[in-house]
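dropping a prediction and its sequence here:
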Amino acid sequence: MSIIFTIFALVFVTELISWIGKSVLLEFAWDLYSRILMNASYARQRQLKAELLTGKKELLQTSAQDQFAKWAKLRRTVDKGLAELEKLNGELASSKTAFSMKFNTLMWVFTTGLSFFVGWWYRKAAVFYLPPGWLGPLGWWMAFPFAPKGSVSVGVWQMACRRVIKVGERTVKNMIAPSEPVAVPVEMKTSSKSS
């Protein structure tokens, strides 16, 4: 694939990720990851919650004065279940935090890091050449910083692609979302009677 389409695809994917939102992608990836690899932990969490609800219900139905031995046993069971549930919730929260850090690092590498790398790798390459004299004395700006004179550099091409994609995004959003009517103030005529 040529450099012109590679850079456009990279900028498009980066803008698509920012449009969708990294937090939305993180939640989707976490749900997928946890369903595939952590299903046993979540099943145990659901089981503990169900056991705690039934234990609390039974504890509330038992009189502490009339059936103290049964009440004390249920209380110890509920307390033990709560401690186990808190420990499991802590483990799941730390797993999600670790996953979040890895996911955000991966997103940075595939968007910003890759963009920097492509810009550095092809810093002296011309994406394409402009017709001679097309921009006059300002033609050097299109080659900024290291591309040959009369060409468009990778950095300028990335800027142009990003701008075109943002304009396209705004246009699509305006077409999809109906514009709200603008309220126009109306002057009220006051009738004054002169005597």
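Here it is on my side, so go on. Numbering: from 1, shown residues only.

in stretch 59-71, what's buried?
Leu59, Thr62, Trp71 (16 or more other C-beta atoms under 10 Å). Every C-beta, even on glycine, is put in place using the N, C-alpha and C of the backbone.

redo these as CSV? Include pLDDT.
Listed next are the buried residues of stretch 59-71 as CSV, based on pLDDT from 0 to 100:
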residue, pLDDT
Leu59, 82
Thr62, 83
Trp71, 84
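
and these, which is closest to Trp121?
Proximity of the buried residues of stretch 59-71 to Trp121 was ranked by C-beta to C-beta; the top entry is Leu59 with 66.0 Å.

first-to-last residue distance for stretch 126-136?
18 Å (C-alpha to C-alpha, to the nearest Å).

kindly report the same for stretch 132-149.
Terminal residues of stretch 132-149 lie 10 Å apart, using C-alpha to C-alpha.

contacts for it next, please.
The contact list for stretch 132-149 (C-beta atoms under 8 Å, 6 or more residues apart in numbering) reads 123-127, 130, 150-156.

tell me how far it is from the chain's mean position?
37 Å (C-alpha atoms, centre = their mean, to the nearest Å).

now do the closest residue to Val154 other than its chain neighbours against Phe110, distance only.
Spatially, and ignoring its direct neighbours in sequence, Val154 is nearest to Tyr122 (4.7 Å; C-beta to C-beta, 6 or more residues apart in numbering). Taking C-beta to C-beta, to the nearest Å as the measure, Tyr122 falls 18 Å from Phe110.

more neighbours, the two?
Neighbour count, other C-beta atoms under 10 Å: between Tyr122 and Phe110, Tyr122 has more, with 19 against 14.

contacting residues around the residue positioned nearest the centre of the chain?
Per C-alpha atoms, centre = their mean, the C-alpha nearest to the average position across the chain is that of Lys22, at 1.4 Å. Residues in contact with Lys22 (C-beta under 8 Å, 6+ apart) are Asn104, Met107.

which element is encountered next along the chain beyond the longest helix anywhere in the chain?
Identified as the longest helix of the chain according to DSSP state H is helix 68-108. Downstream of helix 68-108, the next assigned helix or strand under DSSP states H and E is helix 114-121.
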